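> What follows is a predicted protein model with its sequence.
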Amino acid sequence: MYMSSSFAIDIDSDLIYRVQAGDTRAFKIMYNAFEKPAYSLALRFCQNPDTARDILQESMLLVFRKIDQFRFEAPFWSWVRKIVINAALMQIRSNRKNVDLEILVDDVAEAGADRPAMQRDLAAAFAMLAPTRRAVLWMYAVEGYTHQEIGELMGKTPSFSKSQLMRARRQLKQWWDADSKGALPARQDLAREENDEH
């Protein structure tokens, strides 16, 4: 199921033109507009606030450096979001940080369950998925990327994306179906699963 991003930001195209012309005051306005959503997106991928801030800073520097490449063919936030996701994926590849994905996937949970408790349980389960699987699940279920796009972003094939999504959903379903007390696997057991994803 496709779930839209939490943030949709409109900015005046004149502001973009001013940043493209090198106006640093305009860039500060742009930075302030996108700081919160870019940080939130980075935090979804890395779980670590310091790392999320690093991703935010790196992403916004890239926005400033690459803004001449923006052609007004898509919403500006979509373009910025791709830059943030790429930076977060680079962090996953280099540091293998844990990801905390607080999203609800309909095919994992029963509709009548207690939603706040269910979201906490699912957040814990998501945090235990291997980083690549979490990233694929987030990009597919929340950001709406296709398997082709995910494969390209990760330097893999669409089949790789499909298999990671299938494995993530299967693990979540197994964990969800198990007794909720003490059902989640131990961290050492997940190390073997993480090695499977390559």
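Looks like it arrived, so ask away.
> Tell me the spacing between A88 and V63.
A88 sits 14 Å away from V63, going by Cβ to Cβ, to the nearest Å. No exception for glycine: its C-beta is placed from N, CA and C like everyone else's.
> Those two - which one has more neighbours?
Of the pair A88 and V63, A88 is the one with more neighbours under other Cβ atoms under 10 Å, namely 27 against 21.
> Just give me the longest helix of the protein.
helix 24-46 (DSSP state H).
> Counting by contacts, list what it packs against.
helix 13-20, helix 49-66, helix 76-95, helix 131-141 (3 or more Cβ pairs under 8 Å, 6 or more residues apart in numbering; DSSP states H and E).
> just the angle between the first one and helix 76-95, please?
This means helix 13-20. Here the directions of helix 13-20 and helix 76-95 differ by 50 degrees (axes from the mean of the first three to the mean of the last three Cα atoms, to 10 degrees).
> Any buried residues in helix 13-20, and which?
Buried residues in helix 13-20, counted by 16 or more other Cβ atoms under 10 Å: L15, I16, R18, V19.
> JSON lines please, covering these and showing distance to R81 and pLDDT.
Conversion of these to JSON lines gives the following (distance: Cβ to Cβ, whole Å; pLDDT from 0 to 100):
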{"residue": "L15", "distance to R81": "17", "pLDDT": "94"}
{"residue": "I16", "distance to R81": "15", "pLDDT": "95"}
{"residue": "R18", "distance to R81": "21", "pLDDT": "95"}
{"residue": "V19", "distance to R81": "17", "pLDDT": "95"}
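> and R169, how far is that from G144?
R169 is 17 Å from G144, by Cβ to Cβ.
> contacting residues around D23?
Residues counted as contacts of D23 (Cβ atoms under 8 Å, 6 or more residues apart in numbering): none.
> Can you report phi and psi for it?
Backbone torsions of D23, given as degrees, to the nearest 10, read phi -80, psi 110.
> got the buried residues for the longest helix of the chain?
Buried-residue list, helix 24-46, by 16+ other Cβ under 10 Å: 26-27, 30-31, 33-34, 37-39, 41-46.
> Near L61, how many other residues are there?
13.
> Would you mind measuring the gap between the ends of stretch 11-27?
12 Å (Cα to Cα, to the nearest Å).
> Domains in the protein, by residue range?
Each domain of the chain is listed here as a residue range: 13-95, 115-195, per automatic domain parsing.
> could you give the mean pLDDT of the longest helix of the chain?
Per-residue pLDDT over helix 24-46 has a mean of 91.
> Any stretches of the protein with poor pLDDT?
1-8, 95-124, 126-127, 176-198 (pLDDT under 70).
> Could you report the separation of the residue nearest to R18 when sequence neighbours are not counted from R53?
Residue nearest to R18 in three dimensions, not counting chain neighbours: A26, with 3.7 Å by Cβ to Cβ, 6 or more residues apart in numbering. Distance, A26 to R53, by Cβ to Cβ: 23 Å.
> Ok, E143 next?
Distance from E143 to R53, by Cβ to Cβ: 21 Å.
> related to what we said a few turns ago, between the buried residues of helix 24-46, which is closest to R81?
L41 (6.5 Å; Cβ to Cβ).
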